[in-house]
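[1] model the structure of this input:
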Amino acid sequence: MDKQQTLEILTNGEMRLEGRLAWGSNYTLLGYVCAADIELPIVYKPRRGERPLWDFPTGTLCLRERAAFLISEAAAWDIVPPTVLREGVHGFGSVQAFVEHDPDLHYFNIEGEADFAEMLQRIVVFDWITNNADRKAGHVLVGADDRIWAIDHGICFNIDYKLRSVIWEFAGREFSAELHTSLKTLRENLETPLYREELLQLLHRNELDVLRRRLDKLIEVGIFPEPGPGRHYPWPPV
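    Below you'll find the model as predicted:
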């Protein structure tokens with residue numbers, strides 16, 4: 001299936017749940033959405049299962065999951081699996097296509113490997129732009145097709161600096177010309193109605209303003225960020 005068909009089924013397919021991932025701090029449910037003779041495995045995060053946080057508005061984590069997908073799309077990076085917002089078995093929430101992967105294979109297993117460098121570099125700048133507070137090694141998946149996917153973006157887009165990541169192998173290096181071009185493409189696309197209008201429904205205007213400033217800074221300096229002040233790793237790291 002192409003991406004548009006996947007998004008259509010995620011949005012309108014009949015949902016069937018199989019169980020819960022017990023180790024998540026918020027309710028994370030596994031299941032399927034079904035349409036005609038197609039079944040798509042999914043990860044469903046209902047809003048009502050979100051644990052309240054002091055530094056993020058209540059009930060917004062699922063919105064941030066969708067916003068992260070839109071940022072990946074606007075840059076043509078294809079690093080966030082297709083993600084939609086919809087009513088589900090336990091109410092409104094995010095529904096994301098499940099990535100078939102080896103759960104024992106994560107960032108720490110592929111760190112430094114040249115074959116994955118370009119995809120990981122996209123994740124690094126994505127995390128800086130979205131101000132990702134929780135880039136654990138286990139949030140980097142190696143799909144069955146050997147593509148790298150980035151998941152779990154509920155605590156992104158804060159206006160205060162909160163970047164926490166395990167991926168610092170590229171810190172201080174210059175961007176490739178291709179990556180630099182994709183950042184400019186992202187900046188342009190963020191001003192188009194296709195992305196701007198939906199992002200304004202998902203995030204506070206101040207969060208988008210700060211995101212644009214972070215993006216402009218990256219375009220200007222052209223190098224991968226260094227670790228910031230204070231604790232710059234998530235816990236646990238995997």
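
[2] give me the nearest residue to residue 147, chain neighbours excluded.
    residue 119 (6.9 Å; CB to CB, 6 or more residues apart in numbering). No exception for glycine: its C-beta is placed from N, CA and C like everyone else's.

[3] state which strand of the chain is the longest.
    The residue-count maximum for a strand in the chain (DSSP state E) belongs to strand 38-46.

[4] partners of that one in the sheet?
    strand 29-35 (antiparallel), strand 91-97 (antiparallel) (DSSP bridges).

[5] avg pLDDT for it?
    On average, the pLDDT along strand 38-46 is 96.

[6] what comes up buried for that strand?
    In terms of neighbour count (16 or more other CB atoms under 10 Å), strand 38-46 has its buried residues at 40, 42, 43, 44, 45, 46.

[7] now swap in stretch 203-212 and tell me
    For stretch 203-212, using 16+ other CB under 10 Å, the buried residues are 203, 207, 208, 210, 211.

[8] separation between the first one and residue 67?
    Looking back up the chat, that one is residue 203. 6 Å (CB to CB, to the nearest Å).

[9] what sits in contact with each of the two?
    residue 157 (CB atoms under 8 Å, 6 or more residues apart in numbering).

[10] show me where the protein has its strands.
    With DSSP E as the criterion, the chain has strands spanning 14-20, 29-35, 38-46, 83-88, 91-97, 140-142, 148-150.

[11] nearest to residue 114, out of the ones you listed?
    Comparing the strands of the chain by their distance to residue 114 (CB to CB), the top pick is strand 148-150, with 13.1 Å.

[12] quick one on the thing from earlier: CSV for the strands of the chain, including distance to residue 177?
    As requested, the strands of the chain are exported to CSV (distance: least, CB to CB, whole Å):
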stretch, distance to residue 177
strand 14-20, 43
strand 29-35, 39
strand 38-46, 35
strand 83-88, 29
strand 91-97, 31
strand 140-142, 24
strand 148-150, 21
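
[13] number of nearby residues for residue 8?
    15 (other CB atoms under 10 Å).

[14] in contact with the residue lying closest to it once chain neighbours are set aside, which residues?
    Counting by CB to CB, 6+ apart, the nearest residue to residue 8 once its immediate chain neighbours are dropped is residue 35, at 7.9 Å. If you count contacts by CB under 8 Å, 6+ apart, residue 35 has them with 8, 9, 12, 13, 14.

[15] quick one: residue 35 from residue 13, how far?
    Distance from residue 35 to residue 13, by CB to CB: 4 Å.

[16] ok, now residue 153?
    Computed as CB to CB, the residue 153 to residue 13 distance reads 22 Å.

[17] repeat that for residue 25.
    27 Å.
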